[in-house]
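Q: fold the stuff below for me.
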Amino acid sequence: MPGMGSDTTGMSEWTDSAQHLYDQQADTGPANRAVISWMGYDSPPKPVISGEWDFGVLGSEYAKAGGDNLAASIRGLDAVRAGDAPTTNVVAHSYGSTASAYALTQSGVHVDTFSTVGSAGLPNEVDEASDLNADHVYSGQAQDVWLIELEKGDQWAWTGRLSAEHGQDPTDPDFGATTFGTDGETENGPLNAVEDHGTHAPRRPRVPRPQHRVADEPGLRHDRPR
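A: Modelled structure (predicted):
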């Protein structure tokens, strides 16, 4: 599920990411699989730089509406596949993780895994992974950097977590998610590192697979800039 500033008029990078995930799953995933590049909600615009003074990304109105839509999609999938339910995984980026969390706290909604990438914060009432209707919760987050810094890292996610309504960091050890590194350093060799908030690798990336347990790997720290 995509984050702020996403819409169907410019989702080529998002669909590329979905294709990358599909290709990556070929290594160990099932042969019969599908990845949906879901764009079923009105995401909040990027404030100021989009030309709009809409700071909805710091609120929950967009996320709650998006969560309702995602919940309806998941229920619909369960209904049409009743008796032959697939393994269902949700991967959410930035504000998309906020919206997804609202979906995954609704009754009648359940997924096998929920993975957050560069989360803009989960709703404050979701203070631990077990509050979500997901068998496993994974989270990855690059180090926080200022927008004007030259150092590589995430310039935006930490600002979303300043929200008075969705400030929960899913990579917080007390939250209980399985975290994964984003700097590309693993015991099995280098992977593509996350270099900013909106990195979409132009080639097939080597990313942790959300359908499997991902051990806590080395990763860039995510301390909030001071």
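
Q: drop to CA atoms for contacts and neighbour counts, all remaining ones
A: Noted.

Q: pull the helix or strand where residue 102 lies out as CSV, backbone CA atoms only.
A: Assigned by DSSP states H and E, residue 102 falls within helix 95-103. Listed in CSV are the C-alpha atoms of helix 95-103, where the atom choice follows Å, rounded to 0.1, in the frame of the first residue of the first chain:
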residue,chain,number,x,y,z
TYR,A,95,1.6,6.6,5.2
GLY,A,96,0.4,3.4,3.6
SER,A,97,1.4,1.6,6.8
THR,A,98,-0.7,4.0,8.8
ALA,A,99,-3.8,3.3,6.6
SER,A,100,-3.0,-0.4,6.6
ALA,A,101,-3.0,-0.5,10.3
TYR,A,102,-6.5,0.9,10.5
ALA,A,103,-7.6,-1.9,8.1
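
Q: packing partners of it?
A: Counting contacts by 3 or more C-alpha pairs under 8 Å, 6 or more residues apart in numbering; DSSP states H and E, helix 95-103 packs against helix 61-80.

Q: using the three-state scheme, assign the most centrally placed residue in the chain.
A: Nearest to the mean C-alpha position of the chain, by C-alpha atoms, centre = their mean, lies residue 92 at 2.4 Å. Following DSSP: H, G, I helix; E, B strand; the rest coil, we place residue 92 in the strand state.

Q: from residue 24, how far off is it?
A: For residue 92, the distance to residue 24 (C-alpha to C-alpha, to the nearest Å) stands at 17 Å.

Q: same thing with residue 198?
A: According to C-alpha to C-alpha, residue 198 stands 19 Å off from residue 24.

Q: ditto for residue 62
A: Remark: distance between residue 62 and residue 24 (C-alpha to C-alpha) = 31 Å.

Q: just the pLDDT for residue 73.
A: With respect to pLDDT, residue 73 has a value of 97.

Q: and what of residue 43?
A: We note a pLDDT of 91 for residue 43 in this prediction.

Q: leaving out the residues flanking it, which one is nearest to it?
A: Spatial nearest neighbour of residue 43, excluding adjacent residues (C-alpha to C-alpha, 6 or more residues apart in numbering): residue 4 at 5.2 Å.

Q: show me where this protein has helices.
A: Ranges of helices within the chain are 12-25, 61-80, 95-103, 157-160, based on DSSP state H.

Q: residues near residue 48, how many?
A: 10 (other C-alpha atoms under 10 Å).

Q: count the residues that sit near the closest residue to it other than its chain neighbours.
A: In space, and not counting its chain neighbours, residue 48 is closest to residue 54: 7.6 Å by C-alpha to C-alpha, 6+ apart. Counted with other C-alpha under 10 Å, the burial measure for residue 54 works out to 13 neighbours.
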